[in-house]
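**Student:** Structure for the following, please:
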Amino acid sequence: MVKRVLVTGATGTVGREVIRSLRLHANQVYLVAGVRKSGDFRVNDTAEEVRFDFEDSSSFDAALQDVDTLFLLRPPQISQAKKYFEPIISVAQKQRVKHIVFLSVQGADTNSVIPHHIIEELIKPSGIDYTFLRPAYFMQNFLTTLRKDLVEKHRVFLPAGKAKFTVVDVRDIGRVAAKMILHSEEYRNQAYDLTNQELLGFGDMAQTLTEGLEKPIRYESPNLLKFFITKKKQGIATSMVLVMTILHYLPRFSSPPPLSDWVQKITGQAPYTFEQFVNDHRDQLLQ
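**Tutor:** So this is what the prediction gives:
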């Protein structure tokens, strides 16, 4: 039986990788790419585009019609989890969606104030089978929010001090998500931390970047005021600066999160190392 799968955030970093992995199984899934506005997604014979706007609940009914599995994520700009996600789950119930794979975050089970925890708690009592993916720090952040400093200033500029982070390549998230969508019965109502086998500080990452890019990349850990002012001058929204501050500063005051071997167990392949990520994306990291 072919599953109809709606991937929200289809044009984003994770959504693209989930679709890429699912396209390898075109005989088992019918892919639907959820986009905010028509024309955002490059349609071909292996995916259909449908409008899905998290901030417009009128788009949910048509998008979720006849969907078997919903790959759900939280756009960074949405902080009011209950306001925006309760209607999505309600329509998913109405449309008899069978399985929700939710892109959460490592530690969501113990941190009750973050939006991901709230969304998990909305999904659990819905009666819809769920699987929670709880990934570590995305390596691909160096291709997005951290790229400007890296390319223009040859630095990693974050208030993280000497804190250590678990990391994961988004390509591994895509491969794991595809497995869980294709074999949902094996992962029903479970949660999985997704990391590779490295515990890294940003000083460590800067050293790997230096070696891989063959140019000096320094790590600078500014105080909070300097970080805020610098990012605002770069034109970054205040809400995003605050998210970046929380993500990178608070880990200085807690133990590093645990490593997990779920990527290897679920996909049968070792997760990408940070060195592999740098080598594979060298051109993007240089310019």
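**Student:** From here on, just use CA atoms for contacts and neighbour counts.
**Tutor:** Will do.
**Student:** ok, which stretches of the stretch 101-250 of the chain are strands?
**Tutor:** With strands called from DSSP state E, counting those that start in this stretch, the stretch 101-250 of the chain shows them at 129-135, 137-138, 155-157, 165-168, 190-194, 199-200, 218-220.
**Student:** Make CSV out of these and add mean neighbour count.
**Tutor:** What follows is the strands of the stretch 101-250 of the chain, written out as CSV (neighbours: other C-alpha atoms under 10 Å):
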stretch, mean neighbour count
strand 129-135, 23
strand 137-138, 18
strand 155-157, 21
strand 165-168, 24
strand 190-194, 20
strand 199-200, 16
strand 218-220, 19
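**Student:** any idea how far the helix or strand Asp61 falls within is from the chain center?
**Tutor:** In the assignment (DSSP states H and E), Asp61 maps to helix 60-64. Between the centre of helix 60-64 and the centre of its chain there are 22 Å (C-alpha atoms, centre = their mean, to the nearest Å).
**Student:** Same question for stretch 90-101.
**Tutor:** Stretch 90-101 has its C-alpha centroid displaced from the chain centroid by 21 Å (C-alpha atoms, centre = their mean).
**Student:** Give the bridge partners for Val29, please.
**Tutor:** Going by DSSP bridges, Val29 is paired in beta bridges with Lys3.
**Student:** In terms of pLDDT, where does it sit?
**Tutor:** Note on Val29: pLDDT of 95.
**Student:** and it, how many neighbours does it have?
**Tutor:** Other residues lying near Val29 total 21 when counted by other C-alpha atoms under 10 Å.
**Student:** Over to Gly15?
**Tutor:** Neighbour count for Gly15, taken as other C-alpha under 10 Å: 22.
**Student:** Run me through the strand neighbours of the following helix or strand past the helix holding Asp61, direction for each.
**Tutor:** Scanning forward in sequence from helix 60-64 by DSSP H and E, the next helix or strand is strand 69-72. If you go by DSSP bridges, strand 69-72 pairs up with strand 3-7 (parallel), strand 99-103 (parallel).
**Student:** Poorly predicted segments of this protein, please.
**Tutor:** Within the chain, the ranges that satisfy pLDDT under 70 run 38-46.
**Student:** give the contact list for Pro257.
**Tutor:** If you count contacts by C-alpha atoms under 8 Å, 6 or more residues apart in numbering, Pro257 has them with Gln106, Gly107, Phe165, Thr166.
**Student:** and the third one, what are its bridge partners?
**Tutor:** Beta bridges link Phe165 to Leu200, judged by DSSP bridges.
**Student:** now the helices: where do they sit in this structure?
**Tutor:** 13-22, 60-64, 81-94, 115-123, 147-148, 170-182, 202-213, 224-233, 238-249, 262-267, 274-280, 282-286 (DSSP state H).
**Student:** Mind putting the ones you listed into a markdown table with distance to Leu194?
**Tutor:** Below are those laid out as a markdown table (distance: least, C-alpha to C-alpha, whole Å):
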| stretch | distance to Leu194 |
| --- | --- |
| helix 13-22 | 13 |
| helix 60-64 | 27 |
| helix 81-94 | 22 |
| helix 115-123 | 15 |
| helix 147-148 | 23 |
| helix 170-182 | 7 |
| helix 202-213 | 19 |
| helix 224-233 | 29 |
| helix 238-249 | 17 |
| helix 262-267 | 6 |
| helix 274-280 | 14 |
| helix 282-286 | 24 |
